[in-house]
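# sequence and computational prediction follow.
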Amino acid sequence: MMKVPTSNGQLKSFGLAWFSGAKQSILGLCPNEAPFFNGLGLSVLATALVSGVTMSVALGYTLNKPATHFWPVTLAWALIVLNMDRCLLMLTATRHLAQALIPRVVISFVIGVMIAEVVTLWIYNLEINSQMKSDVQQQTQVSTQKIINFYNPQINADRQTLANIQSNESALVAQINKDIFLSSCESNDPICSVTHQPGCGTYCLHYRQLATSTKQELDALKPQDAIRIGALQSHIAQLSQSETHDQQVLTSAERVGTGLIAREGALTEIEHAHPGILIQVWFIRFTLILLDLMPLIIKSLYLAFGNSSYEAIAASYRRREHLVALNVDLQVRIERSRLNDQAMADEAINRVRIQGQRDFWIANEEAQWYGAPSQRSAHHGESNRPTEADTIMTPNFTDFVTSMKNTSTHESLPVKIPRHLANAGWVGVALLTTLVLTLHLITHTTHQYIAGESVAMMALVAVVALAIFTRGFRQAPAWAMRATFAALLLGLGLPVLVTAFNL
């Protein structure tokens, strides 16, 4: 931490200015700027803390847990926001800051809307609970009525059938008892007898036969009725059990339906019923977004309307650093040019040396064969053929290629590509890209294979790889320059060939 002497001889610290991205060494040269950057750093720190607390509140409300349980999330999120704002504020140039504001605004808008939605639910918690309670009651009534309307008709029909069976049996039993009573009256009581004579006569036998016949009918119906009654009672029990289960499922679903999605729906209903709530919700969202952007807004206003000595000194330091970078770049260019010239000079010297050696040996051979034959024969036992030392070593094709690779440095050293050739390369890339996209669109639309689509794709991949190798068609060796021109020819000719193949 840099400290500069103040007017009273003490040392003044610029601790909060670090959060604003200010360099302590530069700020020490302009101490009058310290209050602003300290305030800006405090704004960054406060924004990060508010953002972290808001995030923990949102998580606590969403997960239905106390917000204090998420203090690690609060700390981590605050550090992320703090570092992001500090890095963006370090872009002190106005044009750079304007460009940095675009992604920061997008990030703040997305995060602000997401967090503001949960914070809004937390703020209007009482109204949302009341609306959800009313919605649950209404949905419960409607769902319960649907369940009743589905099961009750079937249960009532089975109960009615059961009652009819039991009523029929009761009617038969009553008829049997009546016939037995009348038969007894005819046999034992002259007063109630039709003939007024005691003894089992015609009427007695008639009623006794009716009772016997009815009893036989009842005995025949009872096993069948017992089976039907058991089936009906079992069906009624199943329907009742299913109705109870559906009621329990409905209650569980209503209990589960108190989560974040249900609360969002309740808030939407409140907004439709009360348009003023909708305005307040968006006001909260924009407030959080602006709060998240407050340090950048303050820095932008400071750069737009203030005359900052800090920015002037920082710009001067940057220009000096650019001079160092420019000096290094110039030294690299000089060294590259020297190496290139040295390679070309070595190539020329080697060529002259080889040519001189060739001429020397040719002249020597001519002198030996044609100039002094008697002197040659005077040597004792010397062969008339040239010795191995006198033979010119002629390289084979492999040695020639290797020599060319070693000496032709201009084929491998990258140089600046002319503008018109670079433009031709980009035109070739654009044409091939358009061709590939067009073929893909036609294939996707017609669901038919287009001949040459794979060739066009491979050509595009090759040309893009060439563009990457040449750093955007800026620097390339000789072979890459020829390949750049070939890319233009490929972009012009390949559409014609693909069209001809598909005719």
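Nice, thanks for sending it over. Residues are numbered from 1 along each chain as shown.
# who are the contact partners of Gln233?
By C-beta atoms under 8 Å, 6 or more residues apart in numbering, Gln233 lies in contact with Leu162. To be clear about C-beta, it is placed using only N, CA and C from the backbone, and glycine gets the same treatment.
# so for whichever strand or helix holds Leu441, what gets flagged as buried?
Here Leu441 is covered by helix 419-446, with elements defined by DSSP states H and E. By neighbour count on 16 or more other C-beta atoms under 10 Å, the buried set for helix 419-446 is Ala422, Ala424, Gly425, Trp426, Gly428, Val429, Leu431, Leu432, Leu435, Val436, Leu439.
# the third one and Ala487 touch, don't they?
Yes: using C-beta atoms under 8 Å as the test, Gly425 is close enough to Ala487 to be in contact (5.3 Å).
# what pLDDT is listed against Thr214?
Thr214 is assigned 83 on the pLDDT scale.
# what average pLDDT does the helix holding Leu441 get?
Computed over helix 419-446, the average pLDDT equals 84.
# following element in sequence after the helix or strand containing Gly41, please.
Gly41 belongs to helix 34-63 when elements are defined using DSSP H and E. As assigned by DSSP H and E, the chain's next helix or strand after helix 34-63 is helix 71-89.
# which helices and strands sit right next to that next one?
helix 34-63, helix 94-123, helix 275-305 (3 or more C-beta pairs under 8 Å, 6 or more residues apart in numbering; DSSP states H and E).
# the same query, at a cut-off of 7 Å, please.
If you count contacts as 3 or more C-beta pairs under 7 Å, 6 or more residues apart in numbering; DSSP states H and E, helix 71-89 packs onto helix 34-63, helix 275-305.
# quick revisit: for the helix holding Leu441, the distance to its chain's centre please.
28 Å (C-alpha atoms, centre = their mean, to the nearest Å).
# and the angle for the helix holding Gly41 with helix 275-305?
If you take axes from the mean of the first three to the mean of the last three C-alpha atoms, to 10 degrees, helix 34-63 sits at 150 degrees to helix 275-305.
# could you list the low-pLDDT ranges of this structure?
Applying pLDDT under 70 to the chain flags the ranges 1-14, 91-101, 104, 108, 111-115, 189-199, 251-261, 306, 370-413, 444-448.
# pick the most buried one from the helices and strands packed on helix 71-89.
Ranked by mean neighbour count, the helices and strands packed on helix 71-89 are led by helix 34-63 with a mean of 19 (mean count of other C-beta atoms under 10 Å).
# that helix - contacts with which helices or strands?
helix 71-89, helix 94-123, helix 275-305.
# can you lay out these as JSON lines showing distance to Lys178?
Formatted as JSON lines, those follow (distance: least, C-beta to C-beta, whole Å):
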{"stretch": "helix 71-89", "distance to Lys178": "87"}
{"stretch": "helix 94-123", "distance to Lys178": "76"}
{"stretch": "helix 275-305", "distance to Lys178": "77"}
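# of all those helices, which lies closest to Ser43?
Closest to Ser43 of the helices and strands packed on helix 34-63, according to C-beta to C-beta: helix 275-305, at 5.0 Å.
# show me where the stretch 401-503 of the chain has its helices.
419-446, 453-469, 478-501 (DSSP state H, counting those that start in this stretch).
# revised request: answer the last question for the stretch 251-400 of the chain.
For the stretch 251-400 of the chain, the helices defined by DSSP H, counting those that start in this stretch occupy 260-273, 275-305, 309-366, 373-378, 397-407.
# would you turn these into TSV with distance to Val461?
As requested, the helices of the stretch 251-400 of the chain are exported to TSV (distance: least, C-beta to C-beta, whole Å):
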stretch	distance to Val461
helix 260-273	46
helix 275-305	41
helix 309-366	30
helix 373-378	67
helix 397-407	27
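# what's the closest of those helices to Ala226?
Between Ala226 and the helices of the stretch 251-400 of the chain, the shortest separation by C-beta to C-beta is 50.9 Å, and it involves helix 260-273.
# for that closest one, list every residue counted as buried.
Ala262, Arg263, Ala266, Leu267, Ile270, Glu271.
# quick check, nearest of these to Asp158?
Taking C-beta to C-beta as the measure, Asp158 lies nearest Ala262 of those, at 37.8 Å.
# could you pull up phi and psi at the nearest residue to the closest one once chain neighbours are set aside?
Leaving aside its sequence neighbours, Ala262 sits nearest to Met132 (C-beta to C-beta, 6 or more residues apart in numbering; 6.1 Å). Dihedral pair for Met132: phi -70, psi -40, per degrees, to the nearest 10.
# one more: Lys23?
Here is the backbone geometry of Lys23 (degrees, to the nearest 10): phi -80, psi 130.
# now it. Nearest residue, chain neighbours left out?
Spatial nearest neighbour of Lys23, excluding adjacent residues (C-beta to C-beta, 6+ apart): Ala314 at 7.1 Å.
# my guess is that neighbour contacts Ser25. True?
No: counting by C-beta atoms under 7 Å, Ala314 does not reach Ser25; the two are 10.1 Å apart.
# who has more neighbours, these two?
When neighbours are counted by other C-beta atoms under 10 Å, Ala314 comes out ahead of the other of Ala314 and Ser25, with 20 against 10.
# relative to Arg419, how far out is that one?
According to C-beta to C-beta, to the nearest Å, Ala314 stands 35 Å off from Arg419.
# in this structure the residue nearest to Ala262 contacts Gly265, no?
No: counting by C-beta under 7 Å, Gly265 is not a contact partner of Met132; they are 8.4 Å apart.
# ok, the one residue sitting closest to the centre of the chain - contacts?
Nearest to the mean C-alpha position of the chain, by C-alpha atoms, centre = their mean, lies Val110 at 13.8 Å. Residues near Val110 by C-beta atoms under 7 Å, 6 or more residues apart in numbering: none.
# got the buried residues of helix 419-446 as a markdown table, with distance to Ala174 columns?
Converted to a markdown table, those look like this (distance: C-beta to C-beta, whole Å):
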| residue | distance to Ala174 |
| --- | --- |
| Ala422 | 113 |
| Ala424 | 113 |
| Gly425 | 110 |
| Trp426 | 107 |
| Gly428 | 107 |
| Val429 | 104 |
| Leu431 | 103 |
| Leu432 | 101 |
| Leu435 | 98 |
| Val436 | 95 |
| Leu439 | 93 |
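# which among those gets closest to Glu453?
Leu439 (4.5 Å).
# and the nearest residue to the closest one once chain neighbours are set aside, how many residues sit next to it?
Nearest residue to Leu439, sequence neighbours excluded (C-beta to C-beta, 6+ apart): Glu453, at 4.5 Å. For Glu453, the neighbour count with other C-beta under 10 Å is 18.
# hmm, Ile442 and Glu453 touching each other?
No: between Glu453 and Ile442 there is no contact under C-beta under 7 Å: 8.7 Å.
# quick revisit: in CSV: the helices of the stretch 401-503 of the chain, plus distance to Gln368.
Below are those laid out as CSV (distance: least, C-beta to C-beta, whole Å):
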stretch, distance to Gln368
helix 419-446, 54
helix 453-469, 54
helix 478-501, 43
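# nearest to Trp18, of these?
helix 453-469 (39.6 Å).
# buried residues in that closest one, which are they?
Result for helix 453-469 [16+ other C-beta under 10 Å]: buried residues Glu453, Ala456, Ala459, Leu460, Val463, Leu466, Ala467.
# any chance of CSV for those, columns distance to Asn164?
Listed next are the buried residues of helix 453-469 as CSV, based on distance: C-beta to C-beta, whole Å:
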residue, distance to Asn164
Glu453, 77
Ala456, 82
Ala459, 87
Leu460, 84
Val463, 89
Leu466, 93
Ala467, 91
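# closest to Phe360 out of those?
For the buried residues of helix 453-469, the nearest to Phe360 is Leu466 (45.9 Å; C-beta to C-beta).
# residue contacts, that closest one?
Contact partners of Leu466, counting by C-beta under 7 Å, 6+ apart, are Ala480, Ala483, Thr484, Ala487.
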